[in-house]
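Visitor: Starting from these lines, generate the structure:
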Amino acid sequence: MPLQTPDTVSTLRDVLSHCRTLAVVGLSPQWNRPSHFAAKYMQAHGYRIIPVNPLVARDGGDILGERAYASVTEAARAMKDQGVAIDMVDCFRKSEDIPPLAEEAIAVGAKCLWLQLGVFNEAAGMKAEAAGLQVIENRCVKIEHARLFGGLGWVGVNTRVISAKRLRQLPY
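Guide: Model (predicted):
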């Protein structure tokens, strides 16, 4: 069974509307890295960001004002104590690193496994889909959010989404 690719606007909009707590694997503390920029954008738009970075977690550090964790499993345990569930595992890692992350996403009960631009792993994606997760590959969560919720249209970028209706409820 081939991996289902959610290329529809409605699927991406649904995922970004319902997945509000993101475990960002590979989140860098350096402000100029893509993972940091994307996570900061999502945090500014009302999403809860949970950094997963073993090097920062080892020293007990934080990123974007949130404590960093060594793994998705460790983050899920800590969040469970706070009454928070991880909705999305957003992966800023190489394609080869995805299978164990998919396993962790399944184990913690995430709703979505999001693989950033240039990241593909069909076997891991199929396993996650079989477990009921929505799998999105080769897309940037920040770009898709801006495209679908109005950020890009304000600066004249053609988002291919035409609507004269204002959203009744802002997603953040």
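
Visitor: where does the chain have low pLDDT?
Guide: 1-7, 151-172 (pLDDT under 70).

Visitor: What segments of it are helices?
Guide: 9-18, 34-44, 54-58, 72-81, 98-108, 122-130, 141-148 (DSSP state H).

Visitor: how close does the most centrally placed residue in the chain sit to Asp59?
Guide: Residue closest to the mean C-alpha point of the chain, counted by C-alpha atoms, centre = their mean, is Asp90 at 3.2 Å. Distance, Asp90 to Asp59, by C-beta to C-beta, to the nearest Å: 22 Å. The C-beta positions use only the backbone N, C-alpha and C, and glycine is treated the same way.

Visitor: if we can go back for a sec, would you reformat the helices of the chain as TSV and include distance to Val25?
Guide: Formatted as TSV, the helices of the chain follow (distance: least, C-beta to C-beta, whole Å):
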stretch	distance to Val25
helix 9-18	17
helix 34-44	9
helix 54-58	10
helix 72-81	6
helix 98-108	6
helix 122-130	13
helix 141-148	12
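
Visitor: Adding distance to Gly26 and mean neighbour count, write those helices out as JSON lines.
Guide: Formatted as JSON lines, the helices of the chain follow (distance: least, C-beta to C-beta, whole Å; neighbours: other C-beta atoms under 10 Å):
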{"stretch": "helix 9-18", "distance to Gly26": "19", "mean neighbour count": "16"}
{"stretch": "helix 34-44", "distance to Gly26": "6", "mean neighbour count": "19"}
{"stretch": "helix 54-58", "distance to Gly26": "10", "mean neighbour count": "14"}
{"stretch": "helix 72-81", "distance to Gly26": "11", "mean neighbour count": "17"}
{"stretch": "helix 98-108", "distance to Gly26": "9", "mean neighbour count": "20"}
{"stretch": "helix 122-130", "distance to Gly26": "15", "mean neighbour count": "18"}
{"stretch": "helix 141-148", "distance to Gly26": "13", "mean neighbour count": "20"}
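
Visitor: Quick check: the residue nearest to the centre of the chain vs Cys140, distance?
Guide: 10 Å.

Visitor: Same check on Pro29?
Guide: From Pro29 to Cys140 the distance is 19 Å (C-beta to C-beta).

Visitor: More neighbours: which of those two?
Guide: Using other C-beta atoms under 10 Å, the more surrounded residue of Pro29 and Cys140 is Cys140, with 19 against 16.

Visitor: ok, for that one, nearest residue in space, not its chain neighbours?
Guide: Of all residues not flanking Cys140 in the chain, Leu117 sits nearest, at 5.1 Å (C-beta to C-beta, 6 or more residues apart in numbering).

Visitor: now swap in Ile106 and tell me
Guide: Per C-beta to C-beta, 6+ apart, closest to Ile106 is Ala131, 4.4 Å.
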